[in-house]
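> predicted model, plus sequence, below.
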Amino acid sequence: MKSEPTIFVTGVNGQVGFELLRSLQGLGRVVACDRSMLDLSDLDRVRSVVRELKPSIIVNPAAYTAVDKAETDVDAARRLNAEVPRVFAEEAARSGAALVHYSTDYVFDGTKKGVYVETNETNPQNVYGLTKLEGERAIAATGCAHLILRTSWVYGRRGKNFLLTMLKLGSERSELRVVDDQIGAPTWAKTIATATSHIVAQALASDERDWWARRSGLYHFASAGATSWHGFAEAIFADAMGERAPKVVPIPSSDYPVAAKRPVNSRLSHDKLTEAFGLRLPDWADALKLCLSE
C-alpha cells in the first residue's frame with residue numbers, strides 16, 4: 001500500500017491558493033503555506049522547509065501579481081515569480097518530487113490574430129510577464145517533473161481582482177468606463193483549483209514516474225471562450241445586479257493609461273490540455289454565473 005503523499009501548497013491566502021487548499025483535500029496530506037509559516041523571499045528558508053516536509057507534489061500559486069507596481073518593484077517581482085519557482089524546481093529535481101506552477105497569458109505580446117498555443121513565441125510587454133516567463137524557463141531548465149499552467153484574468157470572491165472591483169464600483173456609481181479592446185478569458189480561481197485537483201488525482205493514481213515523464217511541460221489553462229474587460233463587466237452586472245446595474249461605457253486602452261502595457265489578445269488554446277488530461281475548462285460566462293451564485 002502506498003504511503004500517504006504530502007502535497008505542499010503555497011500562497012493559501014491568495015485567491016487560487018485558498019481554493020486549492022479545499023479542492024486538494026482527500027488526495028493526501030495537504031500542507032498549507034502562508035506568510036506566517038514561510039517568507040518566500042527567504043530562499044534558504046524555502047529550501048529548508050521543502051526538505052523538511054519531503055512533499056510528493058509542490059503546488060505553487062504564490063506570485064507577485066501587482067502588474068503595474070512590478071514596473072518599479074522589479075527585484076521583488078523577480079524574486080517571487082522567477083527565483084522562488086527555480087528553488088522549488090531544484091528541490092523537486094533533487095528529491096524526485098513534482099511541481100505544479102501557474103503562469104500567465106502576459107508572457108505574450110498580444111499581437112497574434114488567433115488563439116495562442118504553447119509553442120508560440122513569447123514576448124512579454126511588462127515586468128510581470130517577463131518575470132513569470134523567467135520562472136517558466138527556470139523550472140524547465142532543472143529537468144524536474146513539472147506542470148506549468150498558463151492562465152488568464154483570474155478572479156474570485158476574495159483578494160483583489162476585477163470582479164470584486166466592479167461589484168464595489170457598481171454599487172457606488174451609475175456609470176463606469178471600461179476597456180473594450182483587450183480580449184481574453186476570465187478564469188475563476190475555483191475553476192483553476194478544481195481542474196488542478198483532477199490532474200493531481202490522475203498523477204497520484206498512476207505509476208507516478210511514468211505519468212510525469214509523459215506529461216511534464218507547459219499547458220494553457222484558462223476558461224473557454226473570450227470577452228473584453230467591458231464584456232466581462234457587463235456580464236458581472238447582468239448576473240449580480242440586474243436592473244440596478246450601472247451603465248458600462250466601452251473605452252480604448254489609450255483612455256485608461258496604466259504603468260504596465262497589457263496584451264491586446266490573450267486568448268489561449270486548450271487543445272493540449274484536453275489531449276493530455278481529458279479536461280475541458282468551462283466557458284468563462286458559465287463559470288462566472290456559478291461564482292456569483294455562491
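Cool, the structure landed. Residues are numbered from 1 along each chain as shown.
> contacts, neighbours, all on C-alpha from now
Noted.
> neighbours around the closest residue to A97 other than its chain neighbours, how many?
Computed as Cα to Cα, 6 or more residues apart in numbering, the closest residue to A97 that is not its neighbour in sequence is S56, at 4.8 Å. Each residue near S56 was counted by other Cα atoms under 10 Å, and the total is 20.
> need the contact list for S56.
The neighbours of S56, taking Cα atoms under 8 Å, 6 or more residues apart in numbering as the test, are P5, T6, I7, G96, A97, A98.
> and for the fourth one, the neighbour number?
Around G96 there are 16 other residues, counting by other Cα under 10 Å.
> quick check, it in contact with C144.
Yes. If you go by Cα atoms under 8 Å, G96 and C144 touch, sitting 7.5 Å apart.
> contact partners for A32?
For A32, the residues meeting the contact criterion (Cα under 8 Å, 6+ apart) are F8, V9, T10, V12, L21.
> can you flag which of the residues you listed belong to strands?
F8, V9 (DSSP state E).
> show me which of the contacts of A32 is closest to P257.
Ranking the contacts of A32 by separation from P257, with Cα to Cα as the measure, puts V12 on top at 31.7 Å.
> need the nearest residue in space to that closest one, chain neighbours excluded.
Nearest non-adjacent residue to V12 (Cα to Cα, 6+ apart): F18, at 4.6 Å.
> can you check F162 too?
Closest to F162 by Cα to Cα, 6+ apart is Y155, at 6.5 Å.
> what's the spacing between T194 and S293?
In this structure, T194 and S293 are 17 Å apart, going by Cα to Cα, to the nearest Å.
> who's more crowded, those two?
When T194 is set against S293 and neighbours are counted by other Cα under 10 Å, the residue ahead is T194, at 17 against 9.
> so the more buried one sits in a helix?
Yes. When the secondary structure is assigned by DSSP: H, G, I helix; E, B strand; the rest coil, T194 falls within a helix.
> drop anything exposed from the contacts of A32.
Among the contacts of A32, those classed as buried by 16 or more other Cα atoms under 10 Å are F8, V9, T10, V12, L21.
> the second one bridge partners, please.
For V9, the residues forming beta bridges with it (DSSP bridges) are A32, V59.
> that one touches Q25, doesn't it?
No. Contact criterion Cα under 8 Å: V9 and Q25 do not qualify, at 11.3 Å.
> so which strand or helix has the residue nearest to V12?
Counting by DSSP states H and E, the element that carries F18 is helix 15-23.
> what is that helix packed up against?
The helices and strands touching helix 15-23, judged by 3 or more Cα pairs under 8 Å, 6 or more residues apart in numbering; DSSP states H and E, are strand 6-9, helix 189-204.
> and those as JSON lines, adding distance to E136 and mean pLDDT?
As requested, those are exported to JSON lines (distance: least, Cα to Cα, whole Å; pLDDT from 0 to 100):
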{"stretch": "strand 6-9", "distance to E136": "18", "mean pLDDT": "97"}
{"stretch": "helix 189-204", "distance to E136": "18", "mean pLDDT": "97"}
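> deepest-packed of the ones you listed, please.
Among the helices and strands packed on helix 15-23, ranked by average contacts under mean count of other Cα atoms under 10 Å, first place goes to strand 6-9 (a mean of 22).
> export it as PDB, just CAs?
As requested, the backbone C-alpha atoms of strand 6-9 are provided in PDB (Å, rounded to 0.1, in the frame of the first residue of the first chain):
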ATOM      1  CA  THR A   6       2.300  15.100   1.100                       C
ATOM      2  CA  ILE A   7       1.000  17.900  -1.100                       C
ATOM      3  CA  PHE A   8       2.600  21.300  -0.300                       C
ATOM      4  CA  VAL A   9       0.500  24.300  -1.300                       C
END
